[in-house]
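A.B. asks: Model the structure of this input:
(chains A and B)
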Amino acid sequence: MTIKGKAYIAGIYEHPTRHAPDKSTAQLHAEVAKGAIEDAGLTKADIDGYFCAGDAPGGVMPMVDYLGLKVRHFDSTDTGGCSYLVHLGHAAEAIAAGKCSIALVTLAGKPRTGAMPPRSAGAEADFELAYGATTHNVYGMCAMRHMHDYGTTSEQLAWIKVAASHHAQYNPHAMLKEVVTVEDVLNSPMISDPLHRMDCCVVTDGGGAMIVTTPEIAKSLKKPLVRLIGHGEAMKGPRGGKDLDLTYSAGVWSGPRAFEEAGITPKDIKYASIYDSFTITVLMQLEDIGFCKKGEGGKFVADGNLISGVGKLPFNTDGGGLCSNHPVNRGGMTKILEAVRQLRGEAHPKVQVPNCDLAIAHGTGGLLGVRHAASTCILERV
Amino acid sequence: MAEAKKYPAPQGNPESAAFWEAAKQGKFMIKRCTACGEPHYFPRSICPFCFSDKTVWEESSGEATIYTFSLMRKSPTGPFAIAYVTLKEGPSLQTNIVDCDIDKLKIGQKVKLVWKPTEGAPLPFFTAA
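C.D. replies: Numbers count the residues shown, from 1 in each chain, chains lettered A, B, ... in the order given. You can find the predicted model right below:
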């Protein structure tokens, strides 16, 4: 059994807003849904599957009612920012099994307008909540240990932000369009050692959506054909405190699963969307999913290797979460959307990868240094 | 600064009650599985490794080394040090390093247990040894 080639992404939409105090969160979900449905050339009545995560107000039942959907399959798996990469895999499974034929996946919210509610805690609550773990300091702990074990430097991490900024200058919707240098990153204020302000992603309102469907339906529509050929998902946590190692993520399991299903290797990938909540997130993921050996991520990202047209692995050509958009503090959806644009040939001409036929969209969700999930999607232009 | 900080009282539950009762006596307890021999933290009734229910409480020495840390500068109560420390007995746990010069922390540094009061049972923290 495989989902290889059994589901296509037929519609995509990224909300142009980065600050939406004048809109409701449910409204943003509806706007991105409408955008993706129209991009596919479908109507709302065609949707028979719906996927959403913790950002959907009230969860899947109120959202289905609010949007006026009539669905026969739904999934509200929430694994933080990578939920939508998980949803893509799950939608493909559902489509392959005949449980639905046209699935809608939405993400939207407004953390820039107002603070998000605290994430819910599990059985660890009494043993961890008092210590003030946030995204910044937990990812800081990963970076600190990675530097200790492998000699990774702040300069190397800064190159990731520099590459993202080179791409963002061409995205009219990017929140930060200014090209920055390694020195700019190193001179930005320290937020949580060793992560500087420019090692952190933007906080944006907005959202995105996609339509996942069968090969037959996708071929009847007008958009270039983009299909999922491999998917993997995995989780990792401190697991009772045994053999703690914060220098790798669950990507070490999700990545190889996806590549095996796709029947290709990282060398075949022409474009990579890599989750970039922080620069260290990108560096660790590149190692974990096999673009370089563990510990060699610093060398791999340095000297513009991630800049389209300059380096070997063009990444996040929309400017990514570091410069363009990280809606609802969840970057998984926008990772898929830019990968689809690259495969369609719809990326900005300055960053479009020539003959881009194989792309990866990979992300993590939750807290990398604590409990998190990872999901890897390999996409092909047919 | 850290002294003025208020920490939330543990809510407790039937599974963790013995831990918090011991904490009130100044004893820092971990769990060990008598089937596979592995210690773990935070404590569970069923071993997260071999899934045996033969787990027993064991007092930790409270001696540990810093696995990693980060100084959070963006905090309304002032900078603080979050860390993972590895206990002499084996398990690593999330904590804060307190009551010492946090600008001088290093990975591999020896630290020791210190309790901080709450309105309920005290909470385990670590400081330079």
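A.B. asks: what sits against B:Met29?
C.D. replies: B:18-19, B:22-23, B:43, B:57-60 (Cβ atoms under 8 Å, 6 or more residues apart in numbering or on different chains). Where C-beta positions appear, they are placed from N, C-alpha and C, glycine not excepted.
A.B. asks: and chain A, which of its residues are near chain B?
C.D. replies: Contacts of chain A with chain B, taken as Cβ under 8 Å from any Cβ of the partner chain, map to A:123-134, A:136-138, A:140-145, A:148, A:189-195, A:238-242, A:244, A:246, A:369-370.
A.B. asks: can you map out the helices along chain B?
C.D. replies: Using DSSP state H, the helices of chain B run over residues B:17-24.
A.B. asks: circling back to that earlier point, of the contacts of B:Met29 - the most surrounded one?
C.D. replies: B:Phe19 (23 neighbours; other Cβ atoms under 10 Å in any protein chain shown).
A.B. asks: okay, it: pLDDT?
C.D. replies: B:Phe19 is assigned 98 on the pLDDT scale.
A.B. asks: And the one 3 residues further on, by the same measure?
C.D. replies: Confidence at B:Ala22, expressed as pLDDT, is 98.
A.B. asks: ok, now which ones touch it?
C.D. replies: B:28-29, B:57, B:59.
A.B. asks: now A:Gly298
C.D. replies: A:150-153, A:156-157, A:283.
A.B. asks: Rebuild those as CSV, extending it with secondary structure, neighbour count and pLDDT.
C.D. replies: Output for the contacts of A:Gly298, formatted as CSV (DSSP: H, G, I helix; E, B strand; the rest coil; neighbours: other Cβ atoms under 10 Å in any protein chain shown; pLDDT from 0 to 100):
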residue, secondary structure, neighbour count, pLDDT
A:Tyr150, helix, 18, 98
A:Gly151, coil, 11, 98
A:Thr152, coil, 26, 98
A:Thr153, coil, 14, 98
A:Gln156, helix, 20, 98
A:Leu157, helix, 29, 98
A:Leu283, helix, 27, 98
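A.B. asks: And the residue sitting nearest the centre point of chain A, how close does it get to chain B?
C.D. replies: Geometric centre of chain A, nearest residue: A:Gly332, 2.3 Å, by Cα atoms, centre = their mean. If you measure A:Gly332 against chain B using Cβ to the nearest Cβ, to the nearest Å, the figure is 24 Å.
A.B. asks: Could I get the contacting residues of that residue?
C.D. replies: Here A:Gly332 is in contact with A:81-86, A:107, A:275, A:361, A:363, A:365, A:375 (criterion: Cβ under 8 Å, 6+ apart).
A.B. asks: If we use 6 Å, what do you get?
C.D. replies: A:81-85, A:363 (Cβ atoms under 6 Å, 6 or more residues apart in numbering or on different chains).
A.B. asks: now do A:Asn137
C.D. replies: A:192, B:70, B:72, B:82.
A.B. asks: how close does it get to A:Val370?
C.D. replies: 11 Å (Cβ to Cβ, to the nearest Å).
A.B. asks: and the strand or helix carrying A:Ala373, what does it pack onto?
C.D. replies: Following DSSP states H and E, the helix or strand that holds A:Ala373 is strand A:372-381. When contacts are defined as 3 or more Cβ pairs under 6 Å, 6 or more residues apart in numbering or on different chains; DSSP states H and E, strand A:372-381 sits against helix A:83-96, strand A:226-236, helix A:251-262, helix A:332-344, strand A:358-366.
A.B. asks: Let's have the ones you listed in CSV, adding mean pLDDT.
C.D. replies: Converted to CSV, the helices and strands packed on strand A:372-381 look like this (pLDDT from 0 to 100):
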stretch, mean pLDDT
helix A:83-96, 98
strand A:226-236, 98
helix A:251-262, 98
helix A:332-344, 98
strand A:358-366, 98
